[in-house]
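Undergrad: Provided below are the primary sequence and the corresponding predicted coordinates.
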Amino acid sequence: MTVPRQFATQEIGSIAKPGWRVKYRQGKKIEDKDLSEARKWGKKIGIPAAEQETLGKLLRKRTRSAKDKKAVEDFSALYGIRFLEASGLDLVWDGEQRRAEMYQYPIENAKGFKFLGHVRSWDNKYYLKAACVATPGLKKPYHTSEFDFIRTNARREIKVPVTGAFTLADWSFNEFYERKLAHGDRLSKQARHDAKRELAVAIAKNLVRPTVEALVKAGATRIQIDEPAATTKYDETDIFVESFEETVRGLPGYHSVHLCFSEYKRLFPQILEMRSCKQYAMEFANRDSRKPGTRREDRPGYAFLELMEEYNDDRAVGLGVLDVHSDFVETPELVRDRLLYAADKLGAERVFANPDCGLRTRTWETTFAKLAALAEGAQRARKSL
Amino acid sequence: MTSTSVRAALSGIHARSEELVAATRDHDRRRIDDAALDRVRSRDVKALLALQKKLAIDPVTDGEFATQDIFRPFAESVPGLEVGSLTRYFDNNTFYKRPVVNGALAASKRPVVTTLAPRPKAVAWKAFLPSPYAFAKMCDDRHYGSSVELIAAFGEVLAKEAARIHAAGPSWIQLTDPAVSVLPPDREEWMALRRAVSRIVEAADGSTTVYHTQFGNAGPILRDLDDLPVDYVGVDLYETPLPELRAARLTRGLQAGIVDARSSLLETPDEIAETARNLAREAGVRELVLAPTCELEFLPRALADRKLSNLARAAAKVARQKAVAA
């Protein structure tokens, strides 16, 4: 299927893993309700009955061989792909079904890091945080096998999400470079900044770029660099920009960046130097009104678009139109109006439609309803033009 | 040096153990019930209280293991406030739910700050409140339209809470302010803040009070901080240059954010003690609390406990030296 020129719809990151997949991986007993869940969703998203049957047999087996585990993981990825396709998205992935988490997964595939324990992100959400203890390196490109499977199975165009170097640096403790620059003394603010640059650039060069290069070689054309940490420290925007460029500069394809949950205006003007980036995919719905409308006062969450106009930034925007931290299901009208508001500012060709961020904290029911509303809203927006 | 009193204390929410992390996740996914979560949380509280006892820490805290962010208990229970959108918490990979002010604020009818364990009798209890300034700057105000009025309104709400904390026994009350050194107040806001803090200190009626700043350089605002009617001013020493602290000659006690709660690199007790001695000698600090720069929840639990232990060992070293000198 071709991607629409206006309001193309895309996922941003992960969706929740099915209960059967989680339990199977943890070695727990698969109950009838898990099997019935697999059947229910299989039917809804178009998994052929024979394949559902194969999955059921695998899940019921008492012994779980390595081959079986791989097969269940493949099914989980297939369900993720079909889920996103069935919801109506134009650009898909597998909902990151093979990744433990967007930080942990690449770090597990990196050299020079040591996991120290869980740290809270908010409420009861945590991530397993590592310290960089030696020069970062790559064990092996960690997204190529995912990509190969998805390319073989997807019926829509693929966009590959890859965690960015700056985020990997920001979410790690920087023991190696801070020690290196401290020379036994307490680090100055400037020295800490320099240590962060060394870490981020080393991760970009040694870890993320080789992974992206392997994806490009395998045929990937759309790569989204996920940088939720980009706006964490405003005096480090230069490091974020440099590490992004180190990651994708000169590589063929359409490269975008995902940003979320922060004050975007402080990224300007430095972000204009990120010349290899063709699209900002961003969170907005979280801060917007839930009432439909296309006037400026109806859309307080989308003030960033005015900033793009102010700076003559002509990139595309992946418009966050779904709040990922709420079970509230946006109506197609609300999605449509958010898109039309953005189209009025940027032109419809520069507007993509997506959730604010990954929907992994929502149930499949809620996620599907939200994504279906997104697809329907984009369709209505196209008709309204 | 002989006239400086030194102690160690926590400065906010402590890191949850790996068991509590797993239990809260399981609870969210309805794999365990409330009672099972409470059992795990109680074990965490007991372990932290035991560690503080072993380290002779006074005042102690329960770790606030049930607190989701510093504003949430208020946003969930104070009339006029509600829980808002997920928002980045300064320059951290951490988020809070921004309180929304929808109407006139009024004190909660029930205590907002509750303890997770009975207060030990032999030591003081340290409770944490957000500062009225941080509240005003970090909320979404849809009612007052004036930061000065908002600071005053939060001051009244927090004063009521401070009175309740004090009534429960010997207390330290820390007003945590992550905003003031990052987004400094204007003159009118400083005056409003001073009035609000006065109301809180009055209501606390003899409790030891701390105004703790974090995440930013407090150097430019040290004189204004010293003008607040609290017993201790808290400063992040990783952000605030020591020469500025020396020059300020604080008249209040200092809660020194002396171990970096956002770095896994451990400061040794000797390093901490040396910095403490410098502060006493060169900045003329008479009352010194050695504390983490901010909440230790930015670290995994094992590291957080080690940082706390090193703080206490450093305080003991300084105290021993003082005893010998005396």
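TA: Done, it's in.

Undergrad: show me what from the stretch 151-300 of chain A comes close to chain B.
TA: By the rule CB under 8 Å from any CB of the partner chain, the part of the stretch 151-300 of chain A lying against chain B is A:170-171, A:173-175, A:178-179, A:186, A:189, A:229, A:231-234, A:261-263, A:286-287. Using the backbone N, CA and C atoms, a C-beta is placed for each residue, glycine as well.

Undergrad: run the last query once more with 6 Å
TA: Counting by CB under 6 Å from any CB of the partner chain, the residues of the stretch 151-300 of chain A close to chain B are A:171, A:173, A:175, A:232-233, A:261-262, A:286-287.

Undergrad: of these, which one scores lowest on pLDDT?
TA: Among those, residue A:262 carries the weakest pLDDT, at 80.

Undergrad: now that one: closest residue in space that isn't a chain neighbour?
TA: In space, and not counting its chain neighbours, residue A:262 is closest to residue A:231: 3.5 Å by CB to CB, 6 or more residues apart in numbering or on different chains.

Undergrad: pretty sure that neighbour sits against residue A:265.
TA: No - contact criterion CB atoms under 6 Å: residue A:231 and residue A:265 do not qualify, at 9.5 Å.

Undergrad: thinking again about what came up before, wait, a strand at the residue nearest to residue A:262?
TA: No - counting by DSSP: H, G, I helix; E, B strand; the rest coil, residue A:231 is not part of a strand but coil.

Undergrad: what's in contact with stretch A:63-80?
TA: A:21, A:24, A:55, A:58, A:94-95, A:97, A:149, A:153 (CB atoms under 6 Å, 6 or more residues apart in numbering or on different chains).

Undergrad: for stretch A:124-135, same thing?
TA: With CB under 6 Å, 6+ apart as the test, stretch A:124-135 has contacts from A:103-104, A:107, A:112-116, A:118-121, A:172-176, A:199, B:21, B:24, B:28, B:264.

Undergrad: out of those residues, which end up buried?
TA: With burial judged by 16 or more other CB atoms under 10 Å in any protein chain shown, the buried subset of those is A:103-104, A:107, A:112-113, A:116, A:118-121, A:172-176, A:199, B:21, B:24, B:264.

Undergrad: measure residue B:313 to chain A for me?
TA: Between residue B:313 and chain A the computed distance is 19 Å (CB to the nearest CB, to the nearest Å).

Undergrad: and the strand or helix carrying that residue, what's buried?
TA: Element membership for residue B:313 (DSSP states H and E) is helix B:301-325. Buried positions in helix B:301-325, judged by neighbour count with 16+ other CB under 10 Å: B:301, B:303-305, B:307-319, B:321-322.

Undergrad: what sits closest to residue A:55 if chain neighbours are left out?
TA: That would be residue A:75: by CB to CB, 6+ apart, it lies 4.8 Å from residue A:55.

Undergrad: does residue A:129 fall in a helix, a strand, or a coil region?
TA: From three-state DSSP, the assignment for residue A:129 is strand.

Undergrad: so how far is residue A:117 from it?
TA: Counting by CB to CB, to the nearest Å, the separation of residue A:129 from residue A:117 is 7 Å.

Undergrad: more neighbours, the two?
TA: It is residue A:129, of residue A:129 and residue A:117, that has more neighbours when counted by other CB atoms under 10 Å in any protein chain shown, with 24 against 20.

Undergrad: what's the spacing between the more buried one and residue A:240?
TA: In this structure, residue A:129 and residue A:240 are 19 Å apart, going by CB to CB.

Undergrad: likewise for residue A:344?
TA: 29 Å.

Undergrad: comparing the two, which residue is more hemmed in?
TA: residue A:240 (29 against 15).

Undergrad: I figured residue B:89 hits residue B:96, correct?
TA: Yes - under the criterion of CB under 6 Å, residue B:89 makes contact with residue B:96 at 4.8 Å.

Undergrad: so those two - more neighbours on which side?
TA: More crowded of residue B:89 and residue B:96, by other CB under 10 Å: residue B:96, with 24 against 21.

Undergrad: tell me the secondary structure at the more buried one.
TA: Under three-state DSSP, residue B:96 comes out as strand.

Undergrad: now it, nearest residue through space, not along the chain?
TA: Nearest to residue B:96 is residue B:69, by CB to CB, 6+ apart, at 3.8 Å.

Undergrad: for residue B:135, give me the pLDDT.
TA: At residue B:135, the pLDDT value in this model is 97.

Undergrad: separation between it and residue B:85?
TA: In terms of CB to CB, residue B:135 sits 16 Å off from residue B:85.

Undergrad: any low-confidence regions in the stretch 51-200 of chain A?
TA: Scanning the stretch 51-200 of chain A for pLDDT under 70 picks out the ranges A:184.

Undergrad: what helix or strand is residue B:128 on?
TA: strand B:125-130.

Undergrad: and the next element down the chain from that strand?
TA: Next along from strand B:125-130, by DSSP H and E: helix B:132-138.

Undergrad: so which bits of the stretch 151-300 of chain B are right by chain A?
TA: For the stretch 151-300 of chain B, the residues in contact with chain A (CB under 6 Å from any CB) are B:264-265, B:297, B:300.

Undergrad: most neighbours among those residues, which one?
TA: The most crowded member of those, judged by other CB under 10 Å, is residue B:300 (26 neighbours).

Undergrad: which residues touch that one?
TA: By CB under 6 Å, 6+ apart, the contact list for residue B:300 reads A:116-117, A:119.

Undergrad: which SS state does the residue nearest to residue B:67 when sequence neighbours are not counted fall under?
TA: Computed as CB to CB, 6+ apart, the closest residue to residue B:67 that is not its neighbour in sequence is residue B:13, at 5.7 Å. Counting by three-state DSSP, the backbone at residue B:13 sits in coil.

Undergrad: strands along chain B, start to end?
TA: Secondary structure of chain B (DSSP state E): strands at B:5-8, B:81-88, B:95-101, B:125-130, B:140-141, B:171-177, B:208-213, B:232-236, B:253-259, B:287-292.

Undergrad: where along the stretch 151-300 of chain A do the helices fall?
TA: A:165-170, A:175-182, A:189-203, A:209-218, A:237-248 (DSSP state H, counting those that start in this stretch).

Undergrad: winner for burial among these?
TA: A comparison of the helices of the stretch 151-300 of chain A by mean neighbour count, using mean count of other CB atoms under 10 Å in any protein chain shown, puts helix A:165-170 on top with a mean of 28.

Undergrad: other SSEs contacting it?
TA: helix A:189-203, helix A:237-248 (3 or more CB pairs under 6 Å, 6 or more residues apart in numbering or on different chains; DSSP states H and E).

Undergrad: what does it contact?
TA: With contact meaning CB under 6 Å, 6+ apart, helix A:165-170 is reached by A:199-200, A:203-204, A:208, A:227-230, A:232, A:240, A:243, A:247.

Undergrad: tell me which residue of chain B lies closest to chain A.
TA: Residue nearest to chain A within chain B: residue B:300 (2.6 Å; CB to the nearest CB).

Undergrad: the residue of chain A found nearest chain B: what's it in contact with?
TA: Closest approach of chain A to chain B (CB to the nearest CB) occurs at residue A:117, with a separation of 2.6 Å. By CB under 6 Å, 6+ apart, residue A:117 lies in contact with residue B:300.
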